[in-house]
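Student: I'd like to go over a predicted model; first the sequence, then the structure.
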Amino acid sequence: MCFSVAPESAPYNIIARGASDKSFLAKWAPPTKPNGNILAYRLYYTTDMKDDPSRLRFSVSPENKTVVQDLKSKTTYYIKILAYNKAGDGPTSDWVAVKTQRGGKAERIIFCLFCYYF
């Protein structure tokens, strides 16, 4: 009997930069423990990290890169990424900040879960 397991690690080495005033490009390395073939990646994005997780918008990509478009002009977005396979979703990456402006560079965000729940 063969059991499938969701990815055990998150995508990493996320690089994001503004592609235009209303879009950004993100690239990342695949998880180190994919547990099989990755079907796609889900990139979550928001302008407020305190948003309820069910309200986060997302973009799906079969590759380890994507361009997210039709965003607010010259605005900082926070992104995190997960990989999924036929068994389910893996863990999400750390938050990364990127601004929608040509050449805007990503910044890694240190996120404290306790800051928002206690």
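Tutor: The structure has been received and is ready for your questions. Numbers count the residues shown, from 1 in each chain.

Student: where does the prediction get shaky in this protein?
Tutor: Residues of the chain meeting the criterion pLDDT under 70: 1-2, 103-118.

Student: now do 50
Tutor: Within the chain, the stretches with pLDDT under 50 are 109-118.

Student: you'd agree Y84 is up against V5?
Tutor: No - the pair Y84 / V5 is not scored as a contact, 11.7 Å apart, by C-beta atoms under 8 Å. Heads up, the C-betas are built off the backbone N, CA and C, glycines and all.

Student: okay, these two: which has more neighbours?
Tutor: Neighbour tally, Y84 and V5, criterion other C-beta atoms under 10 Å: the higher count belongs to Y84, 17 against 13.

Student: tell me who's in contact with the more buried one.
Tutor: 6-7, 38-42, 90 (C-beta atoms under 8 Å, 6 or more residues apart in numbering).

Student: which residues does it bridge with?
Tutor: Counting by DSSP bridges, Y84 is bridged to A40, D89.

Student: one step back: got CSV for the contacts of Y84, with distance to K65 and neighbour count too?
Tutor: CSV is the format used below for these (distance: C-beta to C-beta, whole Å; neighbours: other C-beta atoms under 10 Å):
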residue, distance to K65, neighbour count
A6, 22, 18
P7, 18, 23
I38, 13, 19
L39, 16, 12
A40, 12, 13
Y41, 9, 25
R42, 13, 19
G90, 17, 25
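
Student: which stretches in this structure count as helices?
Tutor: Assigned by DSSP state H, the chain shows helices spanning 113-117.

Student: what's the neighbour count on K99?
Tutor: 19.

Student: go on, D48?
Tutor: Other residues close to D48 by other C-beta under 10 Å number 11.

Student: got it, and Y12?
Tutor: Using other C-beta under 10 Å, Y12 has 13 neighbouring residues.

Student: tell me who's in contact with the residue nearest to it when sequence neighbours are not counted.
Tutor: Spatial nearest neighbour of Y12, excluding adjacent residues (C-beta to C-beta, 6 or more residues apart in numbering): A29 at 5.3 Å. The contact partners of A29, by C-beta under 8 Å, 6+ apart, come to 11-13, 64.
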